[in-house]
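Participant: Here's my sequence, what's the structure:
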Amino acid sequence: MTMAAESSLSRRDMMKRLSAYGAFGASMSGWLPAFANNTAGQTTERQRSVILLWMTGGPPQTDTFDMKPGHANGGQFKPIETSVPGVQICEHLPQVARLMQYCAPIRSMSTKEGDHTRATYLLRTGNLPQGPIDYPTLGSLFSKELGQEDSDLPNFVAVAPYTQFSPAAYGPGFLGPKFAPLIVGDANPLGNANQMNYDRSLAVKNLSLPQGIDIARADARLSLLADMEMDFASTRPGLTAESHQSAYSAAVRMMRSEAVKAFNLDDENAKLRDAYGRNQFGQACLLARRLVERGVPFVEVSLNGLGNGQSFAWDTHLQNFTSVKGLLEALDPAWATLMTDLKDRGLLDSTMIVWMGEFGRTPRINEQAGRDHFPNAWSTVLCGGGIRGGQVVGKTSEDGMKVEERPVSVQDLFATLCKGLGLDSMKQNISNVGRPIRLADPTAKPIEEIVG
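Facilitator: Just a heads-up that it's a prediction; the model follows:
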């Protein structure tokens with residue numbers, strides 16, 4: 001038997017795969033209810049999920065979670081008390097402040113990368129963009145471990161990722177196309193509710209059958225596709241053909257599933273939608289809750305801008321305080337409502353929320369009332385599932401220029417995420433050069449005090 005014959009799928013096998021994935025009318029929408037019935041009562045532990053709130057451009061720690069009142073570097077904003085005694089954050093995050101018992105700000109992140117491209121790659125993959133290894137973004141990495149291969153919905157959904165800073169930081173890398181995200185939403189800076197139809201922006205395109213095409217005709221076309229896939233794979237065996245088959249089958253499965261209604265935000269109460277914020281970021285956070293509720297293990301939501309001329313969101317070299325105030329006014333209700341909504345539905349204990357960008361901003365304010373790139377000492381925040389909230393990790397100096405206590409590296413952060421999600425950080429994946437790569441470096445130290 002030839003290698004081509006051994007590696008390719010027969011037409012019957014291909015048809016079985018498409019049918020099993022819900023490609024044909026008889027199996028439409030059947031998987032999700034069957035799964036629920038089969039698993040009811042078998043376990044009380046819900047699958048872990050992650051929602052990454054990605055702050056494009058690098059948010060200023062001194063204007064958010066590491067305030068420096070009384071110092072010249074402190075800037076215009078004032079700190080306010082939170083639900084945790086002794087922990088203060090920015091006055092423009094009042095709703096998040098009331099939920100600080102679920103959050104653990106890490107004030108002592110420290111790297112050496114102040115360039116957007118390299119820093120974005122580092123924070124999103126845990127590694128620097130050097131050498132021949134094509135590292136996967138963290139959504140691909142963790143959804144591979146947490147997801148279900150036969151899920152009706154993708155295991156990784158990215159909402160409005162702004163990839164221009166570092167395109168390679170947003171892909172599945174050596175894990176391959178199977179673990180790439182489903183991307184929805186417009187990555188351009190968001191406007192207000194009167195400027196954009198957010199429901200349309202956050203919908204998945206091309207889910208409906210073309211006009212005039214019924215189920216029977218669609219299934220006939222899929223049968224023809226199976227023949228073509230078989231012919232192609234018989235002469236070109238390998239990852240490319242298999243990835244195409246897998247992606248197409250997963251797309252058809254999603255089209256025919258009831259679970260795809262997660263993307264229809266019209267199902268939600270109008271007051272809840274208002275609470276999240278009638279802008280793309282707020283509605284994307286609502287979408288993230290709906291996806292997690294339906295078993296999607298990794299959802300990424302990006303805050304890219306406000307449609308006010310600030311093209312790169314948190315990259316506030318000019319007029320930092322005007323821009324950041326607007327960004328926080330979009331962030332605060334969306335993030336706080338997300339936590340409350342998850343808690344009310346019994347999902348917060350199993351859903352980890354990660355808030356971060358690629359670096360921080362300079363404590364020292366520049367001549368344009370802005371803050372520049374600053375990787376030396378900055379903040380991230382972890383909330384929800386697997387995190388012991390209500391405490392702060394690390395400390396920076398009075399002027400915010402250096403870490404004084406508990407420095408945390410990017411690999412330490414990855415190890416912390418692994419432990420909080422119940423994953424073995426020493427698990428290996430084989431890279432594109434045949435080298436085994438662990439989920440986190442063996443030298444990484446998880447932040448033991450906040451992961452339970």
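
Participant: Would you map the helices across the stretch 101-250 of the chain?
Facilitator: 116-125, 138-146, 198-201, 215-235, 239-255 (DSSP state H, counting those that start in this stretch).

Participant: For the protein, give me the ranges with low pLDDT.
Facilitator: 1-45, 188-199, 205-234, 236-259, 307-311, 452 (pLDDT under 70).

Participant: how about a cut-off of 80?
Facilitator: 1-46, 186-201, 203-259, 306-312, 452 (pLDDT under 80).

Participant: Break it into its domains for me.
Facilitator: As given by automatic domain parsing, the domain ranges for the chain are 1-34+208-263, 51-154+180-203+268-309+333-409+419-452.

Participant: Single out the most deeply packed of these.
Facilitator: domain 51-154+180-203+268-309+333-409+419-452 (a mean of 20; mean count of other C-beta atoms under 10 Å). Heads up, the C-betas are built off the backbone N, CA and C, glycines and all.

Participant: Who are the packing partners of the helix or strand containing Glu300?
Facilitator: Using DSSP states H and E, Glu300 sits within strand 298-303. Here strand 298-303 touches strand 49-55, helix 138-146, strand 156-159, helix 280-293, helix 320-344, going by 3 or more C-beta pairs under 8 Å, 6 or more residues apart in numbering; DSSP states H and E.

Participant: hmm, 6 Å instead?
Facilitator: strand 49-55, helix 138-146, strand 156-159, helix 280-293 (3 or more C-beta pairs under 6 Å, 6 or more residues apart in numbering; DSSP states H and E).

Participant: measure stretch 105-118 end to end?
Facilitator: 24 Å (C-alpha to C-alpha, to the nearest Å).

Participant: Only C-alpha atoms, please: export the strand holding Glu300 in CSV.
Facilitator: Output of strand 298-303 as CSV, limited to C-alpha atoms (Å, rounded to 0.1, in the frame of the first residue of the first chain):
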residue,chain,number,x,y,z
PHE,A,298,-11.1,30.4,25.5
VAL,A,299,-12.5,33.8,24.4
GLU,A,300,-10.4,36.9,23.7
VAL,A,301,-11.8,40.4,23.7
SER,A,302,-9.7,43.3,22.6
LEU,A,303,-10.1,47.0,23.6
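
Participant: Now do that strand against strand 49-55, angle only.
Facilitator: For strand 298-303 against strand 49-55, the angle by axes from the mean of the first three to the mean of the last three C-alpha atoms, to 10 degrees is 20 degrees.

Participant: Now do strand 298-303: distance to the chain's middle.
Facilitator: With C-alpha atoms, centre = their mean, to the nearest Å as the basis, strand 298-303 stands 4 Å off its chain's centre.

Participant: How about stretch 285-305?
Facilitator: 7 Å.

Participant: How far does it stretch from one end to the other?
Facilitator: 15 Å.

Participant: Next: stretch 431-449.
Facilitator: 32 Å.

Participant: which residues are contacting that stretch?
Facilitator: 132-134, 174, 393, 411-412, 414-416, 418-419, 425-430 (C-beta atoms under 6 Å, 6 or more residues apart in numbering).

Participant: Mind doing that once more with 8 Å?
Facilitator: Identification of contacts with stretch 431-449 by C-beta atoms under 8 Å, 6 or more residues apart in numbering yields 106, 126, 132-135, 141, 145, 173-174, 388, 391, 393, 406, 408-409, 411-416, 418-419, 423-430.

Participant: Which members of these are positioned in strands?
Facilitator: 106, 428-430 (DSSP state E).

Participant: Now distance to Ala168 too, for these, in JSON lines please.
Facilitator: Below are those laid out as JSON lines (distance: C-beta to C-beta, whole Å):
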{"residue": "Ile106", "distance to Ala168": "25"}
{"residue": "Gln428", "distance to Ala168": "21"}
{"residue": "Asn429", "distance to Ala168": "17"}
{"residue": "Ile430", "distance to Ala168": "19"}
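
Participant: Using CSV, write out every CA atom in stretch 261-275.
Facilitator: Output of stretch 261-275 as CSV, limited to C-alpha atoms (Å, rounded to 0.1, in the frame of the first residue of the first chain):
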residue,chain,number,x,y,z
LYS,A,261,-27.2,31.2,18.5
ALA,A,262,-24.7,32.3,21.1
PHE,A,263,-23.7,35.0,18.5
ASN,A,264,-27.2,36.4,18.4
LEU,A,265,-27.2,39.1,21.2
ASP,A,266,-30.8,40.0,20.5
ASP,A,267,-31.7,37.1,22.9
GLU,A,268,-30.3,39.1,25.8
ASN,A,269,-32.3,41.5,28.1
ALA,A,270,-31.9,45.1,26.9
LYS,A,271,-31.0,46.3,30.4
LEU,A,272,-28.2,43.8,30.7
ARG,A,273,-26.9,44.9,27.3
ASP,A,274,-27.0,48.4,28.5
ALA,A,275,-25.1,47.5,31.7
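
Participant: For the closest residue to Lys144 other than its chain neighbours, give me its contacts.
Facilitator: In space, and not counting its chain neighbours, Lys144 is closest to Phe179: 5.2 Å by C-beta to C-beta, 6 or more residues apart in numbering. Contacts for Phe179 were tallied using C-beta under 8 Å, 6+ apart; they are 136, 140, 143-144, 155-156, 172.

Participant: and the two most separated of those residues?
Facilitator: By the measure C-beta to C-beta, Pro136 and Asn155 form the most distant pair in these, at 12.8 Å.

Participant: any common contacting residues for those two?
Facilitator: Common neighbours of Pro136 and Asn155 (C-beta under 8 Å, 6+ apart) are 144, 179.

Participant: Pull up the pairing partners for the strand holding Glu300, direction included.
Facilitator: Sheet pairing here is set by DSSP bridges, and for strand 298-303 it gives strand 49-55 (parallel), strand 156-159 (parallel).

Participant: Ramachandran angles for Leu202?
Facilitator: phi -90, psi 0 (degrees, to the nearest 10).

Participant: wait, doesn't it sit right on Phe281?
Facilitator: No. In this structure Leu202 lies outside contact range of Phe281 using C-beta atoms under 8 Å: 10.7 Å.

Participant: Make CSV from the helices and strands packed on strand 298-303 and add distance to Phe77 to it.
Facilitator: Output for those, formatted as CSV (distance: least, C-beta to C-beta, whole Å):
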stretch, distance to Phe77
strand 49-55, 16
helix 138-146, 30
strand 156-159, 28
helix 280-293, 20
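
Participant: Of these, which is nearest Met100?
Facilitator: Once the helices and strands packed on strand 298-303 are compared by C-beta to C-beta, strand 49-55 is nearest, at 15.8 Å.

Participant: ok, then the element right after that closest one?
Facilitator: In N-to-C order, the element after strand 49-55 by DSSP H and E is strand 79-81.
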